[in-house]
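Enquirer: The sequence and its predicted three-dimensional model are supplied below.
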Amino acid sequence: MYQLHKTKIDGCLELTPNIFNDHRGISIKPFHSDFFQTLGVEHNFNEDLMVISHKGVLRGMHLQNPPLQQAKLIYCASGSIFDVAVDVRKNSPTYGQHVAFYVDAVKHNIVYIPSGLAHGYLVLEDCTTVIYKMSSVYSPGLESGFRWDSAAIPWPVQNPILSDKDKSLPGFNDFVSIF
Ligand SMILES: Cc1cn([C@H]2C[C@H](O)[C@@H](COP(=O)(O)OP(=O)(O)O[C@H]3O[C@@H](C)C(=O)[C@@H](O)[C@H]3O)O2)c(=O)[nH]c1=O
C-alpha cells in the first residue's frame, strides 16, 4: 500500500502511496489507519489543515508544546515544497539534527513527523496546497519554535517570504525545548 522510508531521526518517516491510475485520473490514499497502526506511531489525528501558499513562502520552524503536542502527516495536494523536520527531543541521539524532503503532488509522497520535532517548509511553486493531519488540535498558547535560518538547514532559498511571527522567533541556540 505504501513504500516506507525511515530516516535518521527516530519516528520520522517518508511514505509513498500507491497511485491508482485510469482513464479518469488518479486515486491516492494519504492515510489508512490500519497501516499506521502497524507502524506503531501515533495515528489518532484530530485536526486537518489545508494551507495554500505562494512560491517563496517559508513557514517554520514550529511545534506545539505538551499537553497538546502534535504528530503531523504532511503532503501536497498541488505544487511542491522543501519540507524539514528538526529533532528537539533532549534525550534523542539526533537532537538538533534535521531531515529534509522534497514533497510534491507528482510523486505524492507523505511525511510523518512525530511530536518532539519542529517542522517547517519552503514553498517551491505558486498555488501550492499543503494538507496536514495533526494528532492534537491547534492551541495558539502552546506554540513554540525557532528561526528558520538558525539550525544549519540547507534551505534552497536566501530571502523567503516570512510571517512577522516567524521573523521574531528566537534562534535555535536560544530556543528552550520542553520535550
Ligand atoms: C497552524 C494553524 C493556524 N491557524 C490559524 C491561525 C492564524 O490565523 C492563521 C495562520 O497561522 P500561522 O501563521 O501560525 O500558520 P503557519 O505559519 O502556516 O503555521 C504552521 O506552520 C507549519 C510549518 C506547521 O508545522 C504547522 O503546524 C503550523 O505551525 O491560521 C489555525 O486556525 N489552526 C492551525 O492549526
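Expert: Thanks, I have the structure now.

Enquirer: Every contact and neighbour count from this point should use C-alpha atoms.
Expert: Will do.

Enquirer: Tell me who's in contact with L73.
Expert: 110-113, 132-134 (CA atoms under 8 Å, 6 or more residues apart in numbering).

Enquirer: From the ligand, how far out is it?
Expert: 10 Å (CA to the nearest ligand atom, to the nearest Å).

Enquirer: that's a strand at that residue, yeah?
Expert: Yes - according to DSSP: H, G, I helix; E, B strand; the rest coil, L73 belongs to a strand.

Enquirer: so V137 touches L68, yeah?
Expert: Yes - if you go by CA atoms under 8 Å, V137 and L68 touch, sitting 7.1 Å apart.

Enquirer: in the chain, which spans are strands?
Expert: Ranges of strands within the chain are 2-6, 13-17, 19-22, 25-28, 47-53, 58-64, 72-78, 80-87, 98-104, 110-113, 117-123, 128-134, 143-145, based on DSSP state E.

Enquirer: Present the ones you listed as a markdown table; the columns should include mean pLDDT.
Expert: Output for these, formatted as a markdown table (pLDDT from 0 to 100):
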| stretch | mean pLDDT |
| --- | --- |
| strand 2-6 | 95 |
| strand 13-17 | 97 |
| strand 19-22 | 96 |
| strand 25-28 | 96 |
| strand 47-53 | 98 |
| strand 58-64 | 98 |
| strand 72-78 | 98 |
| strand 80-87 | 98 |
| strand 98-104 | 98 |
| strand 110-113 | 98 |
| strand 117-123 | 98 |
| strand 128-134 | 97 |
| strand 143-145 | 98 |
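
Enquirer: give the contact list for the residue in the chain positioned nearest to the ligand.
Expert: Distances between the chain and the ligand by CA to the nearest ligand atom are smallest at G120, namely 3.8 Å. Going by CA under 8 Å, 6+ apart, G120 touches 58-62, 83-85, 148.
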